[in-house]
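Chemist: missing the sequence, but the structure's below:
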């Protein structure tokens, strides 16, 4: 028996996506083309990458397309073209919301514990050579958190205190006020 299934994956992913969307909203649109270095993605490109990133796990686990049937070169070309489309801040926020909702709903529909234990074997030479579906589904959330960390650093570089830091500072200030009132 497992205590972490489709509903829990969906809830956790929704939390991650909610925070990504908040970052997208907090950054002024005139800063969306900021890049921390010439070879890095811009804020706009990173947000597009995050929005597009759930298409692969949706294909693999939601549509149940066998991995050996996926043409990765074609897939990467299509995803790259989608990520590269010029989008406004509002369009990116909407895309993040829609792709996040689609992925979370797919996750909620996964209730069969044996499905999560399925092992997906990768092409020869891949490292690791295989992973469980559960691990791959968690990886989608981890991937977004990785890029969200980059966005939070970019926020700092353009003079914005990330919302999670602001919320933590506000909690600490309230706690200190409560402690001072007790004294």
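Modeler: Now that the structure is in, tell me what you want to look at. All values reported here derive from a predicted model rather than from experimental measurement.
Chemist: Low-confidence bits of this protein, can you list those?
Modeler: For the chain, applying pLDDT under 70 flags the ranges 1-2.
Chemist: for residue 91, what are its contacts?
Modeler: Taking Cβ atoms under 8 Å, 6 or more residues apart in numbering, we find residue 91 in contact with no residue. (Glycine included, C-beta is placed from N, CA and C.)
Chemist: In the helix or strand containing residue 137, which residues are buried?
Modeler: For residue 137, the element it lies in under DSSP states H and E is helix 133-157. Across helix 133-157, burial judged by 16 or more other Cβ atoms under 10 Å covers 133-134, 136-138, 140-141, 143-144, 147-148, 150-152, 154-155.
Chemist: can you check stretch 17-37 too?
Modeler: Across stretch 17-37, burial judged by 16+ other Cβ under 10 Å covers 17, 19-24, 27, 31-32, 34.
Chemist: again, but for stretch 55-69
Modeler: Buried residues in stretch 55-69, defined by neighbour count with 16+ other Cβ under 10 Å: 55-58, 60-62.
Chemist: do you know how far the spatially closest residue to residue 35 that is not a sequence neighbour is from residue 83?
Modeler: Spatial nearest neighbour of residue 35, excluding adjacent residues (Cβ to Cβ, 6 or more residues apart in numbering): residue 42 at 4.7 Å. Computed as Cβ to Cβ, to the nearest Å, the residue 42 to residue 83 distance reads 11 Å.
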